[in-house]
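Enquirer: Next one to model:
(one chain, ligands or ions: 1)
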Amino acid sequence: MSTETQTQQRTDGDGADRQTLTVIDNRTGRTYELPIVDGTVRGLDLREIKTSEEDFGVMAYDPGYANVASCRSSVTYLDGEKGILQYRGYPIEQLAENSSYIEVAYLLVHGELPTPAELEEWTHQITIHTFVHENVKGFMQGFRHDAHPMGMLLGSVGALSTFYPDANNISDPENRYIQTIRLIAKMPTLAAFAFRHSNGQPYVYPDNDLRYAGNFLSMMYKMTELKYQPDPRLERALDVLFILHADHEQNCSTSAVRGVGSSRVDPYSALAGGIAALYGPLHGGANEAVLRMLHRIEHKENIPDFLRGVEEGKERLMGFGHRVYKNYDPRAKIIKAAADDVFEVVGKRNPLLDIALELEKIALGDEYFIEHKLYPNVDFYSGLIYEALGLPVEMFPVMFAIGRTSGWIANWLEQVQDPEQRIARPRQIYTGQRDRLYVPLEQR
Ligand code: CMC
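Expert: Numbers count the residues shown, from 1 in each chain. Purely as a prediction, here's the structure:
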C-alpha cells in the first residue's frame with residue numbers, strides 16, 4: 001500500500017459532502033474508499049485491503065495506542081494542543097474553584113451537576129459506606145511492615161471483590177450503583193489504612209461527621225485526640241487535588257480499567273488493574289519520581305548540569321511532558337497556586353519549590369524542551385504539596401488513586417453499557433520463528 005494515503009473531501013453530483021478516505025494499494029493497484037466518521041476510520045475496514053483472498057488484510061500498527069480511539073466517551077474532553085480539560089463539558093478551572101470532589105464525582109458518574117437534594121443524598125450514601133469489613137483490616141495487617149502503600153491499595157481493592165461477590169452481576173444497574181458508591185467511599189479508608197500500616201500505627205476508623213477530604217486527613221493523622229479537626233485550608237487543598245486528578249480521558253490506568261473491565265469482570269478487579277497501571281513511574285508514580293529528582297538536584301546551581309543530562313538523553317525531566325498535552329497542563333497551573341496555600345498553613349516553604357520553579361523557568365526557555373513541546377504536567381508540583389502535608393513519597397500515587405477512582409468508575413460504567421464495546425483483544429505482528437521441530441532434551 002502506498003505510504004501516501006490521500007484524504008479527499010469531494011462533492012457528489014447532488015452536492016453532498018463525501019466523508020471518506022480513498023486509499024490506493026500500490027501492491028495491487030486497487031482503490032478503497034473508507035468512511036470517515038467523527039474523524040476516524042474503522043480499523044476493521046482496513047482488513048478489506050488484501051493482496052489475495054487468503055491474505056489476512058491490513059492492520060494498523062500502533063504501539064502505545066498513540067493514534068487509536070478505543071471507545072466513544074462523553075466523560076472527559078481534552079485538547080492537548082490548546083491545554084483544555086473539561087469534565088462533562090465543565091472546564092477544570094471552574095470546577096477546581098467552585099466545586100467539591102464529591103460533587104465532581106457525581107458529575108463524572110451521572111453526567112450532570114447534582115441538584116441540592118441529589119448532592120445531599122449522594123454525599124450521604126458515600127459517607128455511610130466509608131467503613132470496610134473488619135476482615136479487610138485483618139487482611140491489610142498481613143502485609144509486611146515495609147510494604148509499599150500502593151501495593152497494599154492494589155491488593156486490598158482487588159480483595160474487595162471477594163467481600164462483595166455479587167459485584168460480578170454487572171448487568172444490573174442497581175448493583176453497579178452500589179459498587180460505585182462503595183468504591184468512591186472506601187478508597188480513602190484503604191489508602192489511610194495503608195499509610196498507618198507503614199507507620200506501624202493503629203488504623204483510624206472513618207469519622208462520618210467530617211467531609212470527604214477532612215475524614216481522610218482524620219484517618220491519616222488522628223492520634224490521641226477525641227476528635228480530629230482538619231484545617232479547612234488543608235482540607236480544601238486536598239479536595240482540589242482530588243478534583244484535578246479525578247479523570248483524564250483514556251490515560252494508561254483508565255485504559256487498563258476498561259481493558260480489564262472489557263472481560264466483564266467485577267469493578268473491584270477492574271479498578272485493581274487501574275491501580276496497578278497507576279503504580280508505574282511513567283504514570284501515577286511520576287510525582288514520587290519528581291520529588292526524588294528534586295532532592296537529587298539539591299541546589300539551583302546544579303540545574304544546568306542536570307538539564308544537560310536530559311538533553312543528552314541520560315536523564316528524563318520528571319513531571320514534564322505528556323502524551324496528549326503539547327502545551328501547559330491546565331492542572332499544573334492550579335496546583336502551583338494551591339501549593340502556596342498549603343505552605344502558608346504548614347508554616348514552611350518547601351525549599352524544593354524554589355528548585356522546581358527555577359527548573360521550570362530554565363526548561364521553558366530551553367531549545368530542547370521548546371522543540372519537544374515539553375511543559376510541566378500535573379505531577380510537577382503535586383508532590384511538593386503532598387510532602388508539605390507530611391506524606392512520604394510512597395503515598396503520592398495513592399493520593400492520585402483516590403482522586404482518579406471517580407473517573408475510573410465513570411469510564412467503567414460507560415463501557416459496560418456501551419453496546420459497541422467488545423473484549424479488548426489487540427492483534428500483533430508476529431516476529432518469531434515458525435514450524436520448528438521439537439528437539440528432545442538430550443539432543444540440545
Ligand atoms: N524529559 C526529557 N525528554 C522527554 C520527556 C521528559 N520528561 N518527555 C518526553 N521527552 C522526549 C523524549 O525523549 C522523546 O524525544 P525524542 O523524540 O528526541 O526521542 C520525545 O520527548 C517524546 O517522548 P516520548 O517518551 O516518546 O513521549 P510519550 O508520549 O511516549 O511519553 C510521558 C509521555 C509522560 C511518558 C513522557 O513525557 C515522560 O516520561 N514524562 C516524565 C514522566 C511524567 O512526568 N509522567 C507523568 C505524566 S502526567 C500524569 C499522568 O497522566 O500520569
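
Enquirer: only C-alpha atoms for contact and neighbour calcs from this point on.
Expert: Fine.

Enquirer: How many residues are close by the closest residue to Arg316 other than its chain neighbours?
Expert: Excluding the flanking residues, the one nearest Arg316 by CA to CA, 6 or more residues apart in numbering is Val310, at 5.4 Å. Val310 has 15 neighbours, counted by other CA atoms under 10 Å.

Enquirer: Around the ligand, pick out the residues from the stretch 51-200 of the chain.
Expert: Not one residue of the stretch 51-200 of the chain sits near the ligand, judged by CA under 6 Å from any ligand atom.

Enquirer: Please enumerate the strands of the stretch 51-200 of the chain.
Expert: 76-79, 84-87, 90-91 (DSSP state E, counting those that start in this stretch).

Enquirer: quick one on the thing from earlier: now the residue nearest to Arg316. Its backbone dihedrals?
Expert: Note on Val310: backbone dihedrals following degrees, to the nearest 10 are phi -60, psi -50.

Enquirer: Show the pLDDT at it.
Expert: Per-residue pLDDT puts Val310 at 93.

Enquirer: Likewise for Val398?
Expert: 96.

Enquirer: Include mean pLDDT and mean neighbour count when you put the strands of the stretch 51-200 of the chain into CSV, please.
Expert: As requested, the strands of the stretch 51-200 of the chain are exported to CSV (pLDDT from 0 to 100; neighbours: other CA atoms under 10 Å):
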stretch, mean pLDDT, mean neighbour count
strand 76-79, 96, 18
strand 84-87, 96, 22
strand 90-91, 98, 16
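
Enquirer: Now these in JSON lines, please, with extra columns for distance to Met395.
Expert: Shown next, in JSON lines, are the strands of the stretch 51-200 of the chain (distance: least, CA to CA, whole Å):
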{"stretch": "strand 76-79", "distance to Met395": "26"}
{"stretch": "strand 84-87", "distance to Met395": "25"}
{"stretch": "strand 90-91", "distance to Met395": "28"}
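
Enquirer: returning to that earlier point: for the residue nearest to Arg316, give its distance to Gly383.
Expert: Distance, Val310 to Gly383, by CA to CA, to the nearest Å: 21 Å.

Enquirer: Could you pull out the helices in the stretch 201-350 of the chain for me?
Expert: 212-221, 232-245, 252-261, 267-279, 286-297, 303-311, 330-346 (DSSP state H, counting those that start in this stretch).

Enquirer: Could you dump these into CSV with distance to the ligand added?
Expert: Below are these laid out as CSV (distance: least, CA to the nearest ligand atom, whole Å):
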stretch, distance to the ligand
helix 212-221, 21
helix 232-245, 9
helix 252-261, 7
helix 267-279, 7
helix 286-297, 5
helix 303-311, 6
helix 330-346, 10
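
Enquirer: And those, which one averages the lowest pLDDT?
Expert: Taking the mean pLDDT of the helices of the stretch 201-350 of the chain, helix 330-346 comes last: a mean of 84.

Enquirer: which residues are contacting that helix?
Expert: Outside of helix 330-346, the residues within contact range by CA atoms under 8 Å, 6 or more residues apart in numbering are 83-85, 92-93, 96, 233-234, 237, 241, 244, 349-350, 376-382, 384-385, 388-389.

Enquirer: again, 7 Å this time
Expert: Identification of contacts with helix 330-346 by CA atoms under 7 Å, 6 or more residues apart in numbering yields 83-84, 234, 237, 244, 349, 376-378, 381-382, 385, 388.

Enquirer: and what of stretch 349-369?
Expert: 294, 299-300, 303, 311, 343, 370, 375, 384, 388.

Enquirer: Quick check: of those, which lies closest to Tyr430?
Expert: For these, the closest approach to Tyr430 (CA to CA) belongs to Glu311, at 34.4 Å.

Enquirer: need the contact list for the closest one.
Expert: If you count contacts by CA under 7 Å, 6+ apart, then Glu311 has Tyr368 around it.

Enquirer: how about 10 Å then?
Expert: Counting by CA atoms under 10 Å, 6 or more residues apart in numbering, Glu311 touches 317, 366-369.

Enquirer: go on, Thr123?
Expert: Applying CA under 10 Å, 6+ apart, the residues contacting Thr123 are 102-103, 106, 117, 181, 185, 211-212.

Enquirer: What is the burial count for Lys333?
Expert: The tally of other residues near Lys333 (other CA under 10 Å) stands at 15.

Enquirer: From Asp340, how far off is it?
Expert: The gap separating Lys333 from Asp340 is 12 Å, by CA to CA.

Enquirer: now the protein, which segments are flagged as low pLDDT?
Expert: Within the chain, the stretches with pLDDT under 70 are 1-16.

Enquirer: what's the domain layout of the protein?
Expert: Following automatic domain parsing, one gets these domains for the chain: 3-61, 74-421.

Enquirer: so how far does the longest one reach from one end to the other?
Expert: Across its full length, domain 74-421 reaches 15 Å end to end, with CA to CA as the criterion.

Enquirer: So which of the domains of the chain is the most surrounded?
Expert: Greatest average neighbour count among the domains of the chain goes to domain 74-421 (a mean of 19), per mean count of other CA atoms under 10 Å.

Enquirer: now the end-to-end length of stretch 57-76.
Expert: 34 Å.

Enquirer: Centre of the chain to it, how far?
Expert: Relative to its parent chain, stretch 57-76 has a centroid offset of 17 Å by CA atoms, centre = their mean, to the nearest Å.

Enquirer: quick revisit: ok, which of the strands of the stretch 51-200 of the chain comes nearest Arg258?
Expert: Nearest to Arg258, of all these, is strand 76-79, at 14.7 Å by CA to CA.

Enquirer: Can you list the strands that that closest one pairs with?
Expert: For strand 76-79, the pairing partners within the sheet under DSSP bridges are strand 84-87 (antiparallel).
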